[in-house]
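Novice: Give me the fold of what follows.
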Amino acid sequence: MRTPFIALALGVLLVGVAHGQDKTADQKRADAAAQQNARGAALLREGKVEEAIVELQQAVDAAPSSVLFQSNLAYAYDRQGKVDEAVAAYRKVIELDPKHAVVRKNLANLYSKKGQYEDAIREFEDLLQLDPANATARANLESATRNKGIAGQRQDQIGAALKAAEASPKDPRPAYDAARAYARLGDAENALAWLARAFELGYDKLDYLNADPDLASLRKDPRFTKLLDERRAGR
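Specialist: Okay, here's the model as predicted:
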């Protein structure tokens, strides 16, 4: 079950600008960071995510202990689909504010998206400790636990396929089965490599490749089409 990230309420903190000449250097930096955060939040609402990230990153650099600024930056990375950057930013928010439930939920969902189910389970469990009545978190925990089991089974299938390919290095079928196993796991790189190996060994049931349900995700990759076209041209 896919669980979308939860939108953060984009916080905007504007520090008063009166008596600017009397401000210390630290106060001026705080004012500048707040202004950058405000601009970033506004840009994000307008859908200008890349521009927003520039402003929000500058705000965070100027005030790294601000939960508000860091939360907005994490959400912007999430919106942009930069999963690794979003995870790092969300982790920073939790370091600053361990009880930030929305951020913890978003982080758990990103871990699930990355296939890091152990991490996702840990975050959902921590979230439930903060909010035992959170039905969504409980459902997502069950989903992550279930997906962890499925991922483990698929890893076992990969191990079995590789063992079979090693035992019959000249047989194209085990190589094709290895490609299928990797495709089921979502590992396109290894799936394509083993599919190329199967072709090298003489696998010729090319029409089946467009019907094989295990290759459904792989067929969306333009490299798959290129590899198949090259194989057909070389027959």
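Novice: Only C-alpha atoms from now on, for both contacts and neighbour counts.
Specialist: Will do.
Novice: Off-centre distance for stretch 171-187?
Specialist: Mean-position distance between stretch 171-187 and its chain equals 24 Å (CA atoms, centre = their mean, to the nearest Å).
Novice: Same check on stretch 123-134?
Specialist: 21 Å.
Novice: same check, this time on stretch 108-125
Specialist: The chain centre lies 10 Å from the centre of stretch 108-125; the measure is CA atoms, centre = their mean.
Novice: Do me a favour and get the end-to-end distance for that stretch?
Specialist: End-to-end distance for stretch 108-125, by CA to CA, to the nearest Å: 10 Å.
Novice: What are the buried residues along that stretch?
Specialist: If you call a residue buried by 16 or more other CA atoms under 10 Å, then stretch 108-125 has these buried ones: 108-113, 115-117, 119-121, 123-125.
Novice: what is the rounded mean pLDDT of that stretch?
Specialist: Per-residue pLDDT values over stretch 108-125 give a mean of 90.
Novice: still on that earlier bit, list the ones among the buried residues of stretch 108-125 that fall in helices.
Specialist: By the criterion of DSSP state H, membership of the buried residues of stretch 108-125 in helices covers 108-113, 117, 119-121, 123-125.
Novice: Now flag whichever of those residues is closest to Asp207.
Specialist: Distance to Asp207 across these (CA to CA) is lowest for Lys113, with 31.4 Å.
Novice: Look up how far Gln58 lies from that closest one.
Specialist: Counting by CA to CA, the gap from Lys113 to Gln58 is 28 Å.
Novice: And for Leu107?
Specialist: In terms of CA to CA, Leu107 sits 22 Å off from Gln58.
Novice: Between those two, which has more neighbouring residues?
Specialist: Set Leu107 next to Gln58 and count neighbours by other CA atoms under 10 Å: Leu107 wins out with 28 against 18.
Novice: doesn't Val87 make contact with the more buried one?
Specialist: Yes. In terms of CA atoms under 8 Å, Leu107 counts as a neighbour of Val87; the distance is 6.1 Å.
Novice: After the top helix by length along the chain, heading C-terminal, what element do we hit next?
Specialist: Using DSSP H, we find that the single longest helix of the chain is helix 135-167. Counting by DSSP states H and E, the next helix or strand C-terminal to helix 135-167 is helix 172-185.
Novice: buried residues in that following helix?
Specialist: Buried residues in helix 172-185, counted by 16+ other CA under 10 Å: 172-185.
Novice: again, but for stretch 154-162
Specialist: Using 16+ other CA under 10 Å as the test for burial, stretch 154-162 gives Arg154, Gln155, Gln157, Ile158, Ala160, Ala161, Leu162.
Novice: The residue sitting nearest the centre point of the chain and Ser168, how far apart?
Specialist: For the chain, the residue nearest the mean C-alpha position is Val83 (3.9 Å; CA atoms, centre = their mean). Val83 is 39 Å from Ser168, where distance means CA to CA.
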